[in-house]
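Chemist: Compute the structure for the input listed below.
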Amino acid sequence: MSLASVRVGIVGAGAVSAYHLRALKRLDHVTVVGICDPNEAAARRVAAAFGIPAVFPSLDAMVAAPSRRARSRAPSARCGGRHCTI
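Modeler: You can find the predicted model right below:
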């Protein structure tokens, strides 16, 4: 069985984010594409440590970033038309 590719954005660059990122990096079908945190320095440190290509100051900024997928499937306006798990 082949799993569909999933692109993930991480909200928060605190200590717990490292646990989530280590788990996500072990999943072949998951690509972490961004991280957001009001403390951009913290977000940049975590992004550098885990090879995350994009850093954003807020969830709103992250979901406003261009996506390769159409915005037709998410139930939450807060997530800009993308699937969200909070």
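Chemist: From here on, just use CA atoms for contacts and neighbour counts.
Modeler: Fine.
Chemist: And stretch 27-35, what's buried?
Modeler: 32, 33, 34, 35 (16 or more other C-alpha atoms under 10 Å).
Chemist: which residues sit against the host helix or strand of the third one?
Modeler: Looking back up the chat, that one is residue 34. For residue 34, the enclosing helix or strand under DSSP states H and E is strand 30-36. If you take C-alpha atoms under 8 Å, 6 or more residues apart in numbering as the criterion, strand 30-36 is touched by 5-13, 24-25, 43, 47, 52-59, 62.
Chemist: If any of those are buried, put those into a ChimeraX selection.
Modeler: The ChimeraX command for the buried members of these (criterion: 16+ other C-alpha under 10 Å) is given here:
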select :9,10,11,12,13,43,47,52,54,55,56,57,58,59,62
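Chemist: thinking again about what came up before, just give me the closest of the buried residues of stretch 27-35 to residue 17.
Modeler: Relative to residue 17, the closest of these is residue 35; by C-alpha to C-alpha it sits at 9.6 Å.
Chemist: Can you give me the distance of that closest one to residue 3?
Modeler: 23 Å (C-alpha to C-alpha, to the nearest Å).
Chemist: before we move on, the earlier item: heading toward the C-terminus, what's the first helix or strand past the strand holding residue 34?
Modeler: helix 40-50.
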